[in-house]
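Colleague: Fold the stuff below for me.
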Amino acid sequence: MDSGGNLLDYWIETSNPANAVIWVKIPSIPESSTTTVYMYYGNALASSVSDGVVTFDWFDDFAGAHTITDYTIEDVGNTNTPSNWAINTVNGILYQHSNIYWNGNQRNIGSIIKTGVNLSNFEVMFKIKPVDNDTGGVCFDYVSQDNHYAFGFVVSDYWFGTSSTGSRREAYWQDSATTHQTLSYDTGSVSQSSVTSFIVRRYGDIIKVLQNGTEIFSVINSNLTSGDIGLFTNALDEAEFHPPFIIRKYIYPEPTYTIESEVSFT
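Modeller: Prediction:
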C-alpha cells in the first residue's frame, strides 16, 4: 500500500524463502521525488491478491488471464492461410497452429495477434519456442501492414529481402506495402527447440532489444511514435509463446529504490 493507506495492485513473479520478485503498480512518481510503498508479508494465513492483469498495461499468463477473443487477429500472409491462433490454458501456451506466411520479399509477417495497447514509451516481454525453423517476433507502433516497427528472428530459413538461408535477428521499419528499412541486424541464433526470452523497449526515439537478458540491439529511429503492439509469426507452424506476455509503461532511467527497515506486527 502507499503512504496514504491505499492498497496498490501488484503481481508476484517469483517467490521462495530466500528471494521474491514483485511488480507494483504505482500511480505516479513525481520527478526528483520519492514515493513510499509498504509491503505486508510473512503471514501464512493472509491471502494474496497478486494480479498481473490489473498491474500491467497488458498481461497474459495463457492460463485464463485472457481469451483469444481479447486479441485482434490480422492475417497478412498470402500462403497457407488462414492463421490458427489458440490459447491452451492447461499448458499455459499461446499456439500458432498454422504455417501461414507471406510468399515474397515485400513482407515478413504471416499473421499478427494484436493487444490493442498503444503506448509511446513501453517495454514488451515475451517468450517463444519456435518449434519450426522460420520467423517470429513482435510488432510495435503498428499502424498498418504497411507501416510499423518489428523485431523478429529466423531460426534457419529465409529472411525477407535476402536470398540465403540461415540465422538472423533484425529490428526493422516496414515503411510501405513493398519495402522496409533495416534498423539493425545480426546473424545471432535463436534456439528452435527451447524457450527464449525477449524484451523490446521503446522510449523516445530509442529502440532496444534484449535476448535472455543480454542487449542485442540499440537503435535510434523516430518515424513512428505510437500504434498497436502484438506478436507475429511467419511460416512458424506450431510456434509456442510461453508466459508471461507483458506490456508495461517504461521510462529511462527507471526509478531507483531502497529497502528500509522491517516493522513487526503481532
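Colleague: Any regions of the stretch 51-200 of the chain where pLDDT drops low?
Modeller: Applying pLDDT under 70 to the stretch 51-200 of the chain flags no residue at all.
Colleague: Look up how far residue 133 lies from residue 53.
Modeller: Here the criterion is CB to CB, to the nearest Å. By it, residue 53 lies 34 Å from residue 133. All C-beta atoms are positioned from the backbone trio N, CA, C, and that covers glycine.
Colleague: how near is residue 104 to residue 165?
Modeller: With distances taken as CB to CB, residue 104 is found 16 Å from residue 165.
Colleague: Ok, residue 25 next?
Modeller: 44 Å.
Colleague: which of these two has more neighbours?
Modeller: Taking neighbours as other CB atoms under 10 Å, residue 25 and residue 165 compare with residue 25 leading, 16 against 13.
Colleague: So for the more buried one, what's the nearest residue that isn't a sequence neighbour?
Modeller: residue 9 (4.3 Å; CB to CB, 6 or more residues apart in numbering).
Colleague: Phi, psi for that neighbour please.
Modeller: With angles defined as degrees, to the nearest 10, residue 9 sits at phi -70, psi 140.
Colleague: What segments of the stretch 151-266 of the chain are strands?
Modeller: 168-174, 180-186, 196-203, 206-211, 214-220, 228-234, 239-249 (DSSP state E, counting those that start in this stretch).
Colleague: Need the winner for burial among those.
Modeller: Of all those, strand 228-234 has the most neighbours on average by mean count of other CB atoms under 10 Å, namely a mean of 26.
Colleague: Give me the sheet partners of that one and which way each runs.
Modeller: Using DSSP bridges, strand 228-234 pairs in its sheet with strand 111-114 (antiparallel), strand 135-144 (antiparallel).
Colleague: Check residue 266 and give its pLDDT.
Modeller: The model reports residue 266 with a pLDDT of 64.
Colleague: would a markdown table of the strands paired with strand 228-234 with mean neighbour count and distance to residue 159 be doable?
Modeller: Below are these laid out as a markdown table (neighbours: other CB atoms under 10 Å; distance: least, CB to CB, whole Å):
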| stretch | mean neighbour count | distance to residue 159 |
| --- | --- | --- |
| strand 111-114 | 23 | 17 |
| strand 135-144 | 24 | 7 |
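Colleague: Now distance to residue 80 too, for these, in TSV please.
Modeller: Shown next, in TSV, are the strands paired with strand 228-234 (distance: least, CB to CB, whole Å):
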stretch	distance to residue 80
strand 111-114	10
strand 135-144	13
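Colleague: Among these, which comes closest to residue 232?
Modeller: strand 111-114 (4.2 Å; CB to CB).
Colleague: ok, and what's touching that closest one?
Modeller: Under the contact criterion CB atoms under 8 Å, 6 or more residues apart in numbering, strand 111-114 has outside partners 71-77, 82-83, 85, 94, 96, 98, 100, 139, 142, 228-233.
Colleague: if you set the cut-off to 7 Å instead, what comes out?
Modeller: 71-77, 83, 85, 100, 139, 142, 228, 230-233 (CB atoms under 7 Å, 6 or more residues apart in numbering).
Colleague: Same check on stretch 86-94?
Modeller: By CB under 7 Å, 6+ apart, stretch 86-94 touches 61-64, 67-68, 85, 95, 97, 240-243.
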